[in-house]
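Peer 1: structure here, sequence nowhere to be found:
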(Lines give C-alpha, C1' and ligand atoms only; values in the text may rest on other atoms or scores of the structure.)
Protein backbone atom coordinates (compact mmCIF):
# COMPACT_ATOMS: atom_id res chain seq x y z
CA UNK A 1 0.00 0.00 0.00
CA UNK A 2 2.85 2.37 0.82
CA UNK A 3 4.46 1.61 -2.56
CA UNK A 4 1.21 2.29 -4.42
CA UNK A 5 0.68 5.58 -2.60
CA UNK A 6 4.21 6.77 -3.36
CA UNK A 7 3.84 5.80 -7.02
CA UNK A 8 0.56 7.69 -7.29
CA UNK A 9 2.12 10.78 -5.73
CA UNK A 10 5.05 10.58 -8.17
CA UNK A 11 2.76 10.14 -11.19
CA UNK A 12 0.48 12.98 -10.08
CA UNK A 13 3.41 15.35 -9.64
CA UNK A 14 4.73 14.59 -13.11
CA UNK A 15 1.25 14.89 -14.66
CA UNK A 16 0.73 18.28 -13.04
CA UNK A 17 3.90 19.52 -14.72
CA UNK A 18 3.03 17.89 -18.05
CA UNK A 19 -0.29 19.69 -18.40
CA UNK A 20 1.42 23.10 -18.31
CA UNK A 21 3.13 22.80 -21.71
CA UNK A 22 2.24 22.07 -25.28
CA UNK A 23 2.36 18.29 -25.59
CA UNK A 24 2.84 18.22 -29.38
CA UNK A 25 5.99 16.21 -30.15
CA UNK A 26 8.88 18.38 -31.36
CA UNK A 27 10.95 17.73 -34.46
CA UNK A 28 12.93 14.52 -34.55
CA UNK A 29 15.66 14.60 -31.93
CA UNK A 30 18.85 12.70 -31.39
CA UNK A 31 18.84 10.69 -28.19
CA UNK A 32 20.96 13.10 -26.14
CA UNK A 33 19.39 16.30 -27.50
CA UNK A 34 17.36 18.41 -25.07
CA UNK A 35 13.93 19.29 -26.55
CA UNK A 36 12.63 22.84 -26.42
CA UNK A 37 9.17 21.61 -25.41
CA UNK A 38 7.84 18.70 -23.43
CA UNK A 39 8.47 15.45 -25.29
CA UNK A 40 5.52 13.19 -24.32
CA UNK A 41 7.16 9.91 -25.35
CA UNK A 42 10.28 10.64 -23.32
CA UNK A 43 8.25 11.93 -20.40
CA UNK A 44 5.91 8.97 -20.03
CA UNK A 45 8.58 6.40 -20.85
CA UNK A 46 10.83 7.84 -18.16
CA UNK A 47 8.01 8.18 -15.63
CA UNK A 48 6.81 4.64 -16.24
CA UNK A 49 10.34 3.28 -15.95
CA UNK A 50 10.98 5.12 -12.69
CA UNK A 51 7.67 4.07 -11.17
CA UNK A 52 8.23 0.44 -12.18
CA UNK A 53 11.81 0.51 -10.93
CA UNK A 54 10.82 2.21 -7.69
CA UNK A 55 8.10 -0.36 -7.05
CA UNK A 56 10.35 -3.31 -7.93
CA UNK A 57 13.19 -2.08 -5.71
CA UNK A 58 10.88 -1.37 -2.79
CA UNK A 59 9.07 -4.70 -2.98
CA UNK A 60 12.34 -6.53 -3.62
CA UNK A 61 14.00 -5.00 -0.57
CA UNK A 62 10.96 -5.70 1.56
CA UNK A 63 10.89 -9.39 0.63
CA UNK A 64 14.57 -10.15 0.16
CA UNK A 65 15.98 -8.15 3.07
CA UNK A 66 13.43 -6.92 5.61
CA UNK A 67 11.44 -10.17 5.56
CA UNK A 68 14.45 -11.88 7.17
CA UNK A 69 14.11 -9.78 10.32
CA UNK A 70 11.26 -9.51 12.87
CA UNK A 71 8.66 -6.87 12.09
CA UNK A 72 6.71 -4.72 14.49
CA UNK A 73 4.87 -1.45 14.86
CA UNK A 74 6.15 1.82 13.48
CA UNK A 75 8.88 3.06 15.81
CA UNK A 76 11.77 5.50 15.92
CA UNK A 77 15.43 4.65 16.31
CA UNK A 78 18.23 6.94 17.45
CA UNK A 79 21.36 5.82 15.59
CA UNK A 80 23.21 9.11 15.66
CA UNK A 81 26.26 7.64 17.41
CA UNK A 82 26.50 4.68 15.04
CA UNK A 83 29.42 4.23 12.64
CA UNK A 84 30.88 7.63 13.56
CA UNK A 85 28.23 9.21 11.25
CA UNK A 86 29.73 7.57 8.15
CA UNK A 87 26.33 6.10 7.30
CA UNK A 88 24.83 9.59 7.58
CA UNK A 89 27.33 10.87 5.04
CA UNK A 90 26.25 8.01 2.80
CA UNK A 91 22.62 9.10 3.15
CA UNK A 92 23.54 12.63 2.09
CA UNK A 93 25.57 11.34 -0.86
CA UNK A 94 22.72 9.08 -2.00
CA UNK A 95 20.11 11.82 -1.65
CA UNK A 96 22.26 14.21 -3.68
CA UNK A 97 22.95 11.66 -6.41
CA UNK A 98 19.31 10.54 -6.74
CA UNK A 99 17.98 14.10 -6.85
CA UNK A 100 20.50 15.23 -9.45
CA UNK A 101 19.95 12.13 -11.57
CA UNK A 102 16.16 12.46 -11.55
CA UNK A 103 16.34 16.22 -12.16
CA UNK A 104 18.67 15.72 -15.15
CA UNK A 105 16.50 12.96 -16.59
CA UNK A 106 13.33 15.06 -16.46
CA UNK A 107 15.15 18.03 -17.99
CA UNK A 108 15.96 15.60 -20.84
CA UNK A 109 12.19 15.12 -21.35
CA UNK A 110 11.71 18.83 -22.16
CA UNK A 111 10.52 20.04 -18.76
CA UNK A 112 12.00 23.48 -18.05
CA UNK A 113 14.99 23.24 -15.77
CA UNK A 114 13.35 25.42 -13.12
CA UNK A 115 10.70 22.71 -12.70
CA UNK A 116 12.87 19.64 -13.37
CA UNK A 117 15.05 20.48 -10.38
CA UNK A 118 12.04 20.41 -8.05
CA UNK A 119 11.05 17.02 -9.47
CA UNK A 120 14.60 15.85 -8.78
CA UNK A 121 14.49 17.13 -5.21
CA UNK A 122 11.15 15.44 -4.53
CA UNK A 123 12.13 12.21 -6.28
CA UNK A 124 15.34 11.85 -4.29
CA UNK A 125 13.51 12.41 -1.00
CA UNK A 126 10.78 9.98 -2.04
CA UNK A 127 13.21 7.14 -2.64
CA UNK A 128 15.10 7.76 0.61
CA UNK A 129 11.99 8.28 2.75
CA UNK A 130 10.55 4.98 1.51
CA UNK A 131 13.59 3.16 2.90
CA UNK A 132 13.13 4.92 6.23
CA UNK A 133 9.55 3.68 6.42
CA UNK A 134 10.72 0.14 5.72
CA UNK A 135 13.21 0.55 8.56
CA UNK A 136 10.46 1.92 10.81
CA UNK A 137 8.53 -1.36 10.76
CA UNK A 138 11.58 -3.55 11.34
CA UNK A 139 12.53 -4.49 14.90
CA UNK A 140 16.17 -4.50 13.83
CA UNK A 141 16.15 -0.79 12.95
CA UNK A 142 13.60 2.04 13.06
CA UNK A 143 12.74 5.40 11.57
CA UNK A 144 15.80 7.61 12.02
CA UNK A 145 15.42 11.37 12.11
CA UNK A 146 19.18 11.58 11.68
CA UNK A 147 18.96 9.65 8.41
CA UNK A 148 16.11 11.84 7.22
CA UNK A 149 18.06 14.99 8.08
CA UNK A 150 21.01 13.88 5.96
CA UNK A 151 18.71 12.68 3.16
CA UNK A 152 17.32 16.21 3.08
CA UNK A 153 20.77 17.78 3.26
CA UNK A 154 21.89 15.79 0.22
CA UNK A 155 18.82 16.53 -1.87
CA UNK A 156 18.82 20.11 -0.61
CA UNK A 157 22.43 20.60 -1.69
CA UNK A 158 21.37 19.77 -5.24
CA UNK A 159 18.26 21.97 -5.21
CA UNK A 160 19.89 24.89 -3.41
CA UNK A 161 22.65 25.19 -5.99
CA UNK A 162 20.15 24.97 -8.84
CA UNK A 163 18.13 27.81 -7.31
CA UNK A 164 21.16 29.93 -6.42
CA UNK A 165 23.50 29.38 -9.39
CA UNK A 166 21.56 27.30 -11.89
CA UNK A 167 24.49 24.84 -11.84
CA UNK A 168 26.30 22.43 -9.51
CA UNK A 169 29.43 24.08 -8.17
CA UNK A 170 29.70 21.74 -5.18
CA UNK A 171 29.27 18.03 -5.83
CA UNK A 172 29.09 15.06 -3.50
CA UNK A 173 31.29 12.16 -4.59
CA UNK A 174 32.50 8.85 -3.27
CA UNK A 175 35.74 6.91 -3.39
CA UNK A 176 36.52 3.49 -1.94
CA UNK A 177 39.48 1.20 -1.37
CA UNK A 178 39.87 -2.22 0.23
CA UNK A 179 41.31 -1.72 3.74
CA UNK A 180 44.18 -3.91 4.91
CA UNK A 181 43.00 -5.66 8.07
CA UNK A 182 45.11 -7.63 10.53
CA UNK A 183 45.12 -11.44 10.52
CA UNK A 184 46.57 -11.66 14.02
CA UNK A 185 44.30 -13.83 16.17
CA UNK A 186 42.79 -12.80 19.50
CA UNK A 187 40.44 -14.61 21.87
CA UNK A 188 36.88 -14.12 23.05
CA UNK A 189 36.28 -12.75 26.51
CA UNK A 190 33.99 -15.65 27.48
CA UNK A 191 35.38 -18.64 25.59
CA UNK A 192 38.50 -20.11 24.00
CA UNK A 193 37.28 -19.24 20.50
CA UNK A 194 39.48 -16.90 18.49
CA UNK A 195 39.08 -14.64 15.45
CA UNK A 196 40.86 -11.88 13.54
CA UNK A 197 40.03 -8.34 12.53
CA UNK A 198 39.99 -9.55 8.91
CA UNK A 199 37.36 -12.19 9.71
CA UNK A 200 35.23 -9.65 11.53
CA UNK A 201 35.43 -7.23 8.59
CA UNK A 202 34.59 -9.96 6.05
CA UNK A 203 31.52 -11.02 8.05
CA UNK A 204 30.39 -7.47 8.72
CA UNK A 205 31.12 -5.68 5.46
CA UNK A 206 31.38 -8.47 2.89
CA UNK A 207 34.05 -9.02 0.26
CA UNK A 208 32.45 -8.21 -3.11
CA UNK A 209 32.98 -5.03 -5.12
CA UNK A 210 29.36 -3.78 -4.65
CA UNK A 211 29.69 -4.34 -0.90
CA UNK A 212 32.87 -2.28 -0.94
CA UNK A 213 30.89 0.78 -2.05
CA UNK A 214 27.70 0.10 -0.07
CA UNK A 215 28.84 -1.53 3.18
CA UNK A 216 32.58 -1.16 3.76
CA UNK A 217 32.53 2.01 5.86
CA UNK A 218 36.25 1.80 6.70
CA UNK A 219 37.15 1.89 3.02
CA UNK A 220 34.76 4.61 1.88
CA UNK A 221 35.38 8.33 1.71
CA UNK A 222 32.59 10.82 1.05
CA UNK A 223 33.71 14.04 -0.62
CA UNK A 224 32.55 17.58 -1.20
CA UNK A 225 34.13 18.44 -4.54
CA UNK A 226 34.19 22.22 -4.94
CA UNK A 227 34.75 23.93 -8.27
CA UNK A 228 36.80 26.95 -7.23
CA UNK A 229 36.94 28.55 -10.74
CA UNK A 230 33.15 28.87 -10.82
CA UNK A 231 33.31 31.18 -7.77
CA UNK A 232 35.80 33.55 -9.41
CA UNK A 233 34.60 36.54 -11.41
CA UNK A 234 37.56 36.16 -13.75
CA UNK A 235 39.30 32.80 -13.99
CA UNK A 236 43.10 32.92 -14.39
CA UNK A 237 44.30 31.30 -17.61
CA UNK A 238 46.50 28.86 -15.70
CA UNK A 239 43.49 27.52 -13.72
CA UNK A 240 41.47 24.86 -15.62
CA UNK A 241 37.70 25.28 -15.40
CA UNK A 242 37.37 21.60 -14.48
CA UNK A 243 39.79 21.55 -11.51
CA UNK A 244 38.13 21.08 -8.11
CA UNK A 245 39.20 21.23 -4.48
CA UNK A 246 37.95 18.19 -2.55
CA UNK A 247 37.19 17.82 1.17
CA UNK A 248 36.68 14.25 2.34
CA UNK A 249 35.46 12.35 5.40
CA UNK A 250 36.26 8.74 6.30
CA UNK A 251 36.63 6.40 9.26
CA UNK A 252 39.01 3.61 10.25
CA UNK A 253 39.01 0.62 12.64
CA UNK A 254 35.24 0.86 13.12
CA UNK A 255 34.09 -2.73 13.63
CA UNK A 256 30.68 -2.14 15.20
CA UNK A 257 28.03 0.56 15.20
CA UNK A 258 28.96 2.18 18.52
CA UNK A 259 31.89 0.12 19.82
CA UNK A 260 34.33 -2.55 18.68
CA UNK A 261 32.60 -5.35 20.53
CA UNK A 262 30.47 -8.13 19.08
CA UNK A 263 29.00 -11.55 19.78
CA UNK A 264 29.02 -14.29 17.16
CA UNK A 265 26.44 -17.01 16.49
CA UNK A 266 28.15 -19.31 19.02
CA UNK A 267 27.69 -16.79 21.82
CA UNK A 268 31.37 -15.85 21.98
CA UNK A 269 31.98 -12.17 22.72
CA UNK A 270 34.95 -10.40 21.17
CA UNK A 271 36.51 -7.03 21.88
CA UNK A 272 38.96 -5.65 19.34
CA UNK A 273 42.43 -4.96 20.82
CA UNK A 274 43.24 -1.36 21.75
CA UNK A 275 45.85 -1.19 18.98
CA UNK A 276 42.91 -0.75 16.58
CA UNK A 277 41.37 2.53 17.84
CA UNK A 278 38.20 3.82 16.20
CA UNK A 279 38.78 7.22 14.63
CA UNK A 280 37.63 9.66 11.95
CA UNK A 281 39.67 11.03 9.06
CA UNK A 282 39.48 14.36 7.25
CA UNK A 283 41.06 14.76 3.80
CA UNK A 284 42.16 17.59 1.54
CA UNK A 285 42.75 16.74 -2.11
CA UNK A 286 42.11 17.74 -5.71
CA UNK A 287 39.46 16.44 -8.09
CA UNK A 288 38.07 16.82 -11.59
CA UNK A 289 34.58 17.99 -12.53
CA UNK A 290 34.14 15.97 -15.70
CA UNK A 291 31.01 17.86 -16.72
CA UNK A 292 33.09 21.04 -17.10
CA UNK A 293 35.43 19.46 -19.63
CA UNK A 294 34.50 20.95 -23.04
CA UNK A 295 33.20 18.46 -25.57
CA UNK A 296 30.84 18.56 -28.55
CA UNK A 297 29.78 14.95 -28.11
CA UNK A 298 26.59 14.61 -26.07
CA UNK A 299 27.21 10.90 -25.48
CA UNK A 300 30.56 11.81 -23.94
CA UNK A 301 28.84 14.35 -21.71
CA UNK A 302 26.55 11.54 -20.56
CA UNK A 303 29.57 9.38 -19.69
CA UNK A 304 31.16 12.33 -17.89
CA UNK A 305 27.99 12.72 -15.84
CA UNK A 306 28.22 9.11 -14.65
CA UNK A 307 31.94 9.42 -13.96
CA UNK A 308 31.27 12.45 -11.76
CA UNK A 309 29.87 10.14 -9.09
CA UNK A 310 33.42 9.10 -8.22
CA UNK A 311 36.30 11.13 -6.84
CA UNK A 312 39.35 11.01 -9.11
CA UNK A 313 42.48 9.56 -7.43
CA UNK A 314 44.88 12.32 -6.43
CA UNK A 315 47.42 12.94 -3.67
CA UNK A 316 45.66 13.70 -0.38
CA UNK A 317 46.49 15.17 3.02
CA UNK A 318 44.86 13.38 5.98
CA UNK A 319 44.24 14.72 9.48
CA UNK A 320 42.56 12.31 11.90
CA UNK A 321 41.02 12.42 15.36
CA UNK A 322 44.03 10.58 16.81
CA UNK A 323 46.01 13.77 16.22
CA UNK A 324 47.95 12.28 13.31
CA UNK A 325 48.77 13.84 9.94
CA UNK A 326 49.46 11.66 6.89
CA UNK A 327 50.26 12.40 3.26
CA UNK A 328 48.96 9.92 0.69
CA UNK A 329 50.74 10.15 -2.70
CA UNK A 330 47.79 8.36 -4.31
CA UNK A 331 44.41 8.13 -2.61
CA UNK A 332 41.07 6.77 -3.73
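Peer 2: Cool, the structure landed. The structure displayed is predicted, hence computed values, not measured ones.
Peer 1: paired strands for the helix or strand harbouring residue 251, with orientation please.
Peer 2: Secondary structure from DSSP states H and E places residue 251 in strand 243-252. Taking DSSP bridges as the criterion, strand 243-252 forms sheet pairs with strand 220-226 (antiparallel), strand 279-288 (antiparallel).
Peer 1: pull out the buried residues from that strand.
Peer 2: Residues of strand 243-252 classed as buried by neighbour count (16 or more other C-beta atoms under 10 Å): 244, 246, 248, 249, 250, 251, 252. Any C-beta I mention is one placed from the backbone N, CA and C, and that applies to glycine too.
Peer 1: out of those residues, who's nearest residue 173?
Peer 2: Proximity of the buried residues of strand 243-252 to residue 173 was ranked by C-beta to C-beta; the top entry is residue 246 with 7.4 Å.
Peer 1: would you reformat the buried residues of strand 243-252 as JSON lines and include pLDDT and distance to residue 86?
Peer 2: Formatted as JSON lines, those follow (pLDDT from 0 to 100; distance: C-beta to C-beta, whole Å):
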{"residue": "244", "pLDDT": "98", "distance to residue 86": "22"}
{"residue": "246", "pLDDT": "98", "distance to residue 86": "17"}
{"residue": "248", "pLDDT": "98", "distance to residue 86": "12"}
{"residue": "249", "pLDDT": "98", "distance to residue 86": "8"}
{"residue": "250", "pLDDT": "97", "distance to residue 86": "7"}
{"residue": "251", "pLDDT": "97", "distance to residue 86": "5"}
{"residue": "252", "pLDDT": "97", "distance to residue 86": "10"}
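Peer 1: and of the residues you listed, the nearest to residue 67?
Peer 2: Ranked by distance to residue 67 (C-beta to C-beta), those are led by residue 251 at 30.2 Å.
Peer 1: can you list the low-confidence ranges for the stretch 1-150 of the chain?
Peer 2: Within the stretch 1-150 of the chain, the segments meeting pLDDT under 70 span 1-27.
Peer 1: what's the spacing between residue 126 and residue 158?
Peer 2: For residue 126, the distance to residue 158 equals 14 Å [C-beta to C-beta, to the nearest Å].
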